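coords please:
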Amino acid sequence: MKKLKKKNLFVEINDKCFLVAVGEYDDELNFKITEKEVFSPSEFINGKIIDLEKSVKNLKKIINQIENRTNFIFSEVNVIINQSDFNCVNISGFKKLNGNQILSEDISYILNDIKSKLGESEKHKTIIHLFNTKFLLDNKSLKNLPIGLYGNFYSHQLTFFMMNNYELKNLKTLFNRCNLNVNKIILKSFIDGIKIIESYKQDTFLKIDLKKNEVQLSFFYNSAFCFFQRFNFGSELILKDIAKVCSLEIENVRQMISNINLKISDENMYVEKKYFNNNNFRKISLKHIIEISSARIEEMINIIFNRNNNLNYIKNTNNNLTIYFEYDEKNIVGKFKNIIESYFKDCKLNFNNTSNDDDFSSIRIFGKLLCKGWSKEAIPIVYEKKSLISRIFSSLFE
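Alright, predicted model coming up:
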């Protein structure tokens, strides 16, 4: 394992701000944040830099504050990005064993073959995460590498998460201009999955994050992050439908949904006059609001789940699939819980309110990962000067 530094710098980037923290490890490798700071704005949108000069200026300012307080000059940084525009690729390799024992050389052959094929098709992308997703020996699923076992046919599935080279270059330029080299990058969607695993002791699940203007699906199988999909619409569509049908301003709709009880379907209960402009008041029943909302929610769930062909394998091989529907109090998703539940069948649905999460909880998890790694992640450090295969083996066999 790479020797940990006495003080380690972490930066989480979201669309609103930079979260910067300094973490240290004790003799038992327990991680503790010793300094933290928040600075807005980040000049990022969807994890991408929109104004490099302003981002550099803002980041330099907050890092200088941290360095002055700690009396320490940092040369490396560990970065969490919330970018959703990345590629998720699952590839399986095979080896005929003919009753022989599985050796590390057999797995080396599979990984080299996968690397060669991926390198040819994805020349303009860089691997951010690589997970050991499935080990199959004679069609029997195993939880760990079956080195030393005997069989006839071995299948090894890997999941690659890749980022476009130009996006990675922009990110590294940002930190280089702040006199920092990037040590490791980690995806926020991976961190969010770990939060569920640690909080609910659930290692196989689908996470649906319905944001204001996008939906993100993440699937974890036996703690391995192995599927991600993004849709460019979100909960705002529901509000826009209500606003259009009822001739209301969208901000008035947002306020109304936040305050009313959507479980009420009494036709004699109406939207209060205060939510209308003085010149457009109409009697609109709450039942009608529920009907409008329900129709749009049904359409959205059909697109992202019920009729999503990318999820067919996941749904067919995971009976009573556990789904975590994430939201916060700033998002109106929580008000539609009972409507959302009605459109999911044969699934165990959990609503996960993230509004009470500590802002620096992701960095705390990253600090532990940097020290102890993740059992299903095959590349713990992306930027070490090693070949792809040697980095894989540094995780698999050390």
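
What number of residues are in the vicinity of residue 232?
Per other Cβ atoms under 10 Å, the neighbour tally for residue 232 reads 9. Just so you know, the C-beta spots here come from the backbone N, C-alpha and C atoms, and that holds for glycine as well.

Next SSE downstream of the host helix or strand of residue 185?
Assigned by DSSP states H and E, residue 185 belongs to strand 181-187. Per DSSP H and E, the first helix or strand lying C-terminal to strand 181-187 is helix 188-200.

Please identify the buried residues of that next one?
188-196 (16 or more other Cβ atoms under 10 Å).

Helix, strand or coil: sort out residue 133 for me.
Classification of residue 133 using DSSP: H, G, I helix; E, B strand; the rest coil returns strand.

start the count at 5, not 1, going forward
Let's use 5 as the start, then, which means that last one is residue 137.

Please read off the pLDDT at it from the model.
Per-residue confidence (pLDDT) for residue 137: 91.

Would you agree it is in contact with residue 159?
No. Residue 137 lies out of contact with residue 159 (Cβ atoms under 8 Å); the separation is 10.7 Å.

neighbour count winner among those two?
Using other Cβ under 10 Å, the more surrounded residue of residue 137 and residue 159 is residue 137, with 21 against 16.

Using CSV, write out the CA atom coordinates for the strand holding residue 189.
Taking C-alpha atoms only, strand 185-191 is exported to CSV below (Å, rounded to 0.1, in the frame of the first residue of the first chain):
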residue,chain,number,x,y,z
ASN,A,185,-1.0,17.3,-8.4
VAL,A,186,-4.1,15.0,-8.5
ASN,A,187,-3.5,11.8,-6.5
LYS,A,188,-6.9,10.1,-6.9
ILE,A,189,-10.3,11.0,-8.4
ILE,A,190,-13.4,9.3,-7.2
LEU,A,191,-17.0,9.6,-8.5
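
Pairing partners for it, with directions?
Partners of strand 185-191 in the sheet, by DSSP bridges, are strand 80-85 (parallel).

List the contacts of the partner strand.
With contact meaning Cβ atoms under 8 Å, 6 or more residues apart in numbering, strand 80-85 is reached by 9, 12-17, 51, 175, 179, 184-192, 195, 366-367, 370, 374.

make it 6 Å
For strand 80-85, the external contacting residues (Cβ atoms under 6 Å, 6 or more residues apart in numbering) are 13-17, 51, 179, 184-190, 192, 366.

cool, stretch 10-28 as well?
35-44, 46, 48-49, 63, 66, 70, 74, 76, 78, 81-86, 364, 366-367, 371.

Now residue 345: closest residue in space that isn't a chain neighbour?
residue 353 (5.8 Å; Cβ to Cβ, 6 or more residues apart in numbering).

The one you found and residue 364, how far apart?
29 Å (Cβ to Cβ, to the nearest Å).

Who has more neighbours out of these two?
Neighbour comparison, residue 353 and residue 364: the larger count goes to residue 364, with 19 against 15 (by other Cβ under 10 Å).

what are the phi and psi angles of the more buried one?
Phi and psi for residue 364, reported as degrees, to the nearest 10, are phi -100, psi 20.

Tell me who's in contact with it.
Residue 364 neighbours (Cβ under 6 Å, 6+ apart): 25, 40.

what are the bridge partners for residue 274, then?
residue 289.

can you map out the helices along the stretch 105-254 of the chain?
With DSSP state H, counting those that start in this stretch as the criterion, the stretch 105-254 of the chain has helices at 108-125, 169-180, 192-204, 240-250, 254-263.

Mind giving me the PyMOL command for buried ones among the contacts of stretch 10-28?
Buried residues within the contacts of stretch 10-28, by 16+ other Cβ under 10 Å, are selected in PyMOL with:
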select buried, resi 35+37+39+41+46+48+63+66+70+78+81+82+83+84+85+86+364+366+367+371
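
Looking at the contacts of stretch 10-28, which are in strands?
Judged by DSSP state E, the subset of the contacts of stretch 10-28 located in strands is 35-43, 48-49, 81-85.

Pull the most distant pair out of those.
Across the ones in strands among the contacts of stretch 10-28, the longest distance by Cβ to Cβ is 32.4 Å; it joins 36 and 49.

got any ranges where the protein has weak pLDDT?
5-7, 268-270, 282-283, 333-335, 383-402 (pLDDT under 70).

mind checking how far the residue nearest in space to the middle of it is from residue 249?
The chain has residue 193 as the residue nearest its centroid, 0.9 Å off, counting by Cα atoms, centre = their mean. Noted for residue 193: a distance of 34 Å to residue 249, by Cβ to Cβ.

And for residue 127?
49 Å.

Looking at the two, which has the bigger crowd around it?
Counted by other Cβ under 10 Å, residue 127 and residue 249 do not tie: residue 249 has more neighbours, with 14 against 8.

And the more buried one, how far from residue 292?
8 Å.

Then residue 376?
Relative to residue 292, and taking Cβ to Cβ, residue 376 is found at 54 Å.

and the two? which has more neighbours close in?
Between residue 376 and residue 292, residue 292 has the larger neighbour count (other Cβ under 10 Å), namely 17 against 12.

In the helix or strand hosting the more buried one, which residues are buried?
Taking DSSP H and E as the criterion, the element that holds residue 292 is helix 290-305. Neighbour counts over helix 290-305 (16+ other Cβ under 10 Å) mark 290, 292-294, 296-298, 300-301, 304-305 as buried.

Repeat that for stretch 226-245.
Applying 16+ other Cβ under 10 Å to stretch 226-245 flags 226-232, 234-235, 237-240, 242-243, 245 as buried.

Straight-line length of stretch 77-96, end to end?
End-to-end distance for stretch 77-96: 44 Å, by Cα to Cα, to the nearest Å.
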